[in-house]
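Novice: Structure, please.
(2 chains)
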Amino acid sequence: MTDTQPETEASVTIVVDGQEVAARPGELLIDACERAGTYIPRFCYHERMKPVGMCRMCLVEVDTGRGMGLQPSCMIPVAEGMTVDTQSEITKKAQDGILEFLLINHPLDCPVCDKGGECPLQDQTMAYGPGESRFVEEKRHYEKPIPISDTVFLDRERCILCDRCTRFAKEVAGDPLIHFQGRGNQTEVNTFPDEPFSSYFSGNTVQICPVGALTAKPYRFKARPWDLEETESTSVADAVGSRITVQSSRNQVLRYMGVDSDPVNWGWLSDKERFSFEAFNSDERITEPMARSGGDLEPVSWGAAIAAVGDALKNTDPSRLGIIGGARLTNESQFAFTKLAKGVLGTDNVDAQLGDGLPAELVLGLPRATIDQACAPGGTIILMGPDPKETLGALFLRLKHAAVEDGATIIEVTPHRTGLGQYAAHHLHPLPGETAALAAALVAETPALDTAGVSADAITAARAAIAGDGPVTVILGRASVAESAAVIADAALSLTSIPGVRFLSALSRSNVHGALDMGMSPGLLPGRSTLASGTANWPNTPSTAGMSTAQMLQAAADGSLDTILLLGADPISDFPDTDLAERALANATVIAVDLFETASTDHADAILPAAAPQEADGSFTNLEGRVTKISRKVTPPGTARPDWIIAAELAMAAGGDLGIESLDDVWAQIAAVSPAHAGIDTASLDANQRDGVVVEGTLDLPAASGVSPAVADAYAYRLVVSRRMYDAGTILANSPSSAHLASGTALHLHPVDFDALGLDRGAEVTVSSATGSVSLPVEPSGDVPRGVAAVPANQGDIVVGTLIAVGDVATNVRVERGDS
Amino acid sequence: MARFTPDNLELAHEIISRYPRKKSAVIPLLHLGQEQDGYVTNEAMEHIAELTEVTAAEVIGTCTFYEMFKTHPVGKYVINVCTNISCQLNGGEELLEHLEETLDIRSGGTTADGMFTIEDYECLAACTEAPCMQVNYRYFHRISNDEVDGVLSDIRSGKLADTIPEHGVLQRVRQTIPAGKLAGIAPPETVVDAPVWMARNEPILAARAAAKAAEEAAAANKATEATEANEKGDA
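Specialist: Numbering: from 1, shown residues only, chains lettered A, B, ... in the order given. Just a heads-up that it's a prediction; the model follows:
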C-alpha cells in the first residue's frame, strides 16, 4: 500500500494484456497494473486503505495457473507468471454488469448532485457501463441528505456501499462512528441515532466517496467541478504542512482537497486544515489599513499608515521595541520581518512563539526526525508533547498507522492520556512539573524507582522498549502551557543520551518552524544560526540576545518597552498568562499586521491588513523542516497585501532598505546568509512541489537549566492546560462551519477525585491558584490521572490563563465546591 | 426500556468474561437486551457499547444485520409465515392473508393488545413441510387455516406457555458453562499450544482409542481362535 519498497527489490514478472511487467512482491494486482499504465476501474479500493473487494468493479480475467477466471484485482497479490487480461470480452461484460447492478438503486440525480463532473461512478459508467438499465422496478428511497455530523451530509440513495467511508472511519481515523446498518437491499451507512460522526477527520470521507453520497456543508451547491480552477499548495492550519489543492471559482476559494504527499499526509487532512479556507473568505477580514484617531480605529490610506508606523518604529529606541508573532507568515515574509527587525531597526526583541512553545535553540539543536523516520516500522515513539490528535491531525494519522500496522511502539510521556493513548504500549503520566525527572529516570542506568508519580515497573517496561532494536523518536512539544518550557527542555536533553535518538518537533502553530529557521527568535539569525555565528552582514544587527515574548510582555507591563509589533499574533488569547498579556498591550503602543481583528488588536494603534496564504505565493516549513510551496490562487480582499511587502515598505519608511522586490530577491538573500537553505529557491520549490526539500543543519544545544521539580503545597492539584483541535482561535472563530465546535471549558478530574468532591457532572467548582481563581463546570474523566486538574485552553468562554504565572515550573491549584 | 438491570448487568459481565476480547460478547449481549425488553432498545445498545468498548454505531451495525434482533417493539408472539415458493404453491399466501384478517393487522404489524406480530418471511428452510410458519421461531408444519386459529387460541389461553416462551426469552437455551469447562480467555495471538479443550479431551480420546484397540484385539483373537478351531476340525 505504501510506496516504501525500493525499486531495486526483487520483482515478480506478470503479463498484463500481453505485455511483461515487473511487479513488486506482495503488491496488489490493481496497483501493479496501474504502475504499468493499465488503469483498472474501481470504487472501493483506495491505495491508502486495506482492500475489501466490496464493489467488484475491478474484476479482471486472471490466470494463476488454473486457467482464466474473473477475480477482483484489488484482492489478489501478484504472483510469478500471473497473466491478466483487462480488455477481454469477459472482463468488459463483467464491468458492464457490475455497473448495471450498482446503478439499480442509484438515483441518477446527477444534474443536481455536487459530485457530477468529478464522479467516479459517472465517469466509469460512461467508460465501461451499459447504455441503459433493464431495471424497471422501484428504486429504494431514503430521506435526502441527512446530516451525520456538523459538516458532513449523507444521501443514502446515492450510496453504492463501497465501504470507503466506514473503512476510513475505523482503520485510518480510529473513530468508527459510522457503520453499515441493516442487510441486503436495506443496507445503509449511518451513525447511531443522535451520536453524530464527530470525527476530527470526517472531511476525508467526503473526499474519498466515489459518488455524491457524502458532501461537506461548506461546498454544497457552491460550484460545478468544471468551473473550478486549482493549484497545489500547503495547508497552514497547523505545523504538519499537509499538501492540498486549493480550488476556486470566480476568485473565491471553495474548498481544499488533500493531496497524497508520501512523506507527509498521505492525502488525509484534519477538518481544521480542510475547512480553514472559510476563515480566509470571511467578511470579517480586515481589508484596509486602520489607525486609531480619537479612540476609534479609522480607515486610512496605505501611504499614511506605512509612514506613521515607520515613524513609530524608527523613533522607538531599539531596546524598547518588540516584535511578537510571525508563525502565520510564509518563510519569505518571516525573513523580511527578521531583516527589518535585526537588520534595519536594530532590535533582537523578536519572538515568533507566544510563551507556549519551546526554546528555539533546543528545537533547532536537537537531531531532527522526519515523519517517515518517526513512523519507521518497528521503531519506538516517545510522545512527550501535546496530544497529536488535537493539535497535529495529519501527524496523528501517521503515528496511529505506525503503531497499528507497522509495529511501532508508542510510549506516552504526557500529563494525561491522549488521543494516541489507545494505540500506545506504555502510559507514563508524570505529574506536571516533574517531566524532566521522569525523563532522567527513563535513561538512567540504575534500577528504576517510583518517579514523578509513575511506578518503577512502568519505567522499567518503558526502558526495555527504548532499548529495543528499532530507531527511537521523541515527539517533542508542550503538552500543557501550565508547565514551564524549561522542564520539557531539560527532559529532552536527558533523552538525547538514547543512542541514535531523533526528535520530531510538535510545536503546532502554523509556520512556527519556518519562523525559527528564519531567525524569528531572540538570539537567532536566519538559517539556524545565532547572532554570534550568523553570517548575515546587516547594518545595525544587535550583538546581544533580546527578549522572549514573556520578557517583552513583562517589560511592556513594567513600562520599559514602548512599542509592540504583533505579526498575526493574539497574545491575549494564546499567551499562557492572560493577565500579563492584557496589562502589556494596554501599556504599550501596539501595531498589528493581521487578517482579523482579535482580542489583542483591540489594543492596536494601527492595523495593517495582510494577505492570507491562498492569496500570496511563498513557502512553508513544516515540523520536519520540510520546505514546500504555498501558492496564490485568489486576490486578497480590499487592499490587503503580502506580509513581506509590508516589511519592505516599513523598512523604507524607517529609513532603511531590505533590498527585496520579489520572492526571488528573498531567496537570493536567504541563500547568502543561510547554508542550511542552500539550493532552495523558487525554481527548486516548483520542481519539488509535492514533497518539498528538507532543511538540514543544527545549532549547538543549550545547557540544561536544571529546574527543580515543582513543590507540592496545600493546593492539592496540578493544573494541565492543553490545546484542543477546536478552540476560539482566530481562524476557527471565523470559519462558519467550525466556529461552534469548541468544546467549552470544563475541569476534568480523575473519577475518584471527582467523586470525592461529591458533586454532579457539570456542577460549578472554583479553581484557584496563587495568581487567580475561576469558576467552571467539573466532569469526571478516565483519561486524567489522580491529582491532576485538566482544562482545555482558549475555548473562548472562561479564561483560565489567569491561573497561570509565566515561568512557574508547574501550577498548583485548589478545587472547591461552588462558585466562590 | 433501558439499560441492563442490575441482575442482567451481572450476567453481562459474566458473559463478557468468557471471551478474550470484550467485543466478542456483542451478540450474546444483544440477545440479553432483547430478552430484557422484548426488543433491543437504543439504550441497551449504548450500554453494550460501553461494556464491550466499541462504539454504539458498531453495535447497531451488528444488531441490524440480524433479522432476529428487533430494534422496535414487537408482540409477545412473533409469527413468521413463509411465502417463498414451496409454501406459496401450498397456500402460504392464503395463510398469511387469513392471519391478517383474523388478527386485523397487516404483515409487519402488531395487534393492539401487544400479543401478536405477523411477518411475511422468506424461506424458513422447511420446504417439504409447506406451508409452514413459526411462532417465536417454533415451527408449525403443513398448517391449515383452522389449525392456525387453534394455535392462536391456545396461545391466548396459555396452553402453549410451556412450549413457546415470550419473544426474546432465551432461558431454556441459555448457555451455562461450568468453571471447569471454560475454554480459557487467552487472546488468540498469544496462544501457541493446542486449545485447552483439546488437552481436556485427550484422556477421553485416549480411553476411547484404547477401548477400540481392545475391541479390535478381542475380535482378532476370536477370529484366530475360530480359524484355529476350524483348522483343528479340518485336521
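Novice: quick one: pLDDT of A:A223?
Specialist: A:A223 is assigned a pLDDT of 93 by the prediction.
Novice: so how far is stretch A:497-515 off the chain centroid?
Specialist: Its chain's C-alpha centre lies 13 Å from the corresponding centre of stretch A:497-515 when counted by Cα atoms, centre = their mean, to the nearest Å.
Novice: distance between the ends of that stretch?
Specialist: One end of stretch A:497-515 to the other measures 28 Å (Cα to Cα, to the nearest Å).
Novice: now that stretch: mean pLDDT?
Specialist: Averaging pLDDT residue by residue across stretch A:497-515 gives 95.
Novice: list the buried ones in it?
Specialist: By neighbour count on 16 or more other Cβ atoms under 10 Å in any protein chain shown, the buried set for stretch A:497-515 is A:498, A:501-515. The C-beta positions use only the backbone N, C-alpha and C, and glycine is treated the same way.
Novice: and what of stretch A:489-498?
Specialist: For stretch A:489-498, the neighbour count (16+ other Cβ under 10 Å) marks A:A489, A:D490, A:A491, A:A492, A:L493, A:S494, A:L495, A:T496, A:I498 as buried.
Novice: nearest to A:T83, of those residues?
Specialist: The shortest gap between A:T83 and any of the buried residues of stretch A:489-498 belongs to A:I498, at 50.9 Å (Cβ to Cβ).
Novice: quick one: which of the buried residues of stretch A:497-515 sit in strands?
Specialist: Within the buried residues of stretch A:497-515, residues falling in strands by DSSP state E are A:R502, A:F503, A:L504, A:S505.
Novice: Was I right to think the second one contacts A:T370?
Specialist: Okay, so that is A:F503. No - in this structure, A:F503 is not within contact of A:T370 by Cβ atoms under 8 Å, at 11.1 Å.
Novice: so can I have a markdown table of the buried residues of stretch A:489-498 showing secondary structure and distance to A:K92?
Specialist: Formatted as a markdown table, the buried residues of stretch A:489-498 follow (DSSP: H, G, I helix; E, B strand; the rest coil; distance: Cβ to Cβ, whole Å):
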| residue | secondary structure | distance to A:K92 |
| --- | --- | --- |
| A:A489 | helix | 64 |
| A:D490 | helix | 67 |
| A:A491 | helix | 62 |
| A:A492 | helix | 60 |
| A:L493 | helix | 65 |
| A:S494 | helix | 64 |
| A:L495 | helix | 59 |
| A:T496 | coil | 61 |
| A:I498 | coil | 58 |
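Novice: now those as TSV including distance to chain B?
Specialist: Converted to TSV, the buried residues of stretch A:489-498 look like this (distance: Cβ to the nearest Cβ, whole Å):
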residue	distance to chain B
A:A489	37
A:D490	37
A:A491	32
A:A492	34
A:L493	38
A:S494	34
A:L495	31
A:T496	35
A:I498	29
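Novice: Out of those residues, which two sit at the greatest distance?
Specialist: Maximum pairwise distance among the buried residues of stretch A:489-498 (Cβ to Cβ): 16.2 Å, between A:A489 and A:I498.
Novice: Quick check: residues of chain A near chain B?
Specialist: Within reach of chain B by Cβ under 8 Å from any Cβ of the partner chain, chain A has these residues: A:175-183, A:190-193, A:195.
Novice: Show me the domain layout of the chain.
Specialist: Because you didn't say which chain, this covers chain A. Using automatic domain parsing, the domain parsing of chain A gives A:6-102, A:290-357+A:511-626+A:639-680, A:366-505, A:717-817.
Novice: Chain B is the one I meant
Specialist: Using automatic domain parsing, chain B is parsed into the domains B:1-72+B:168-185, B:77-156, B:197-234.
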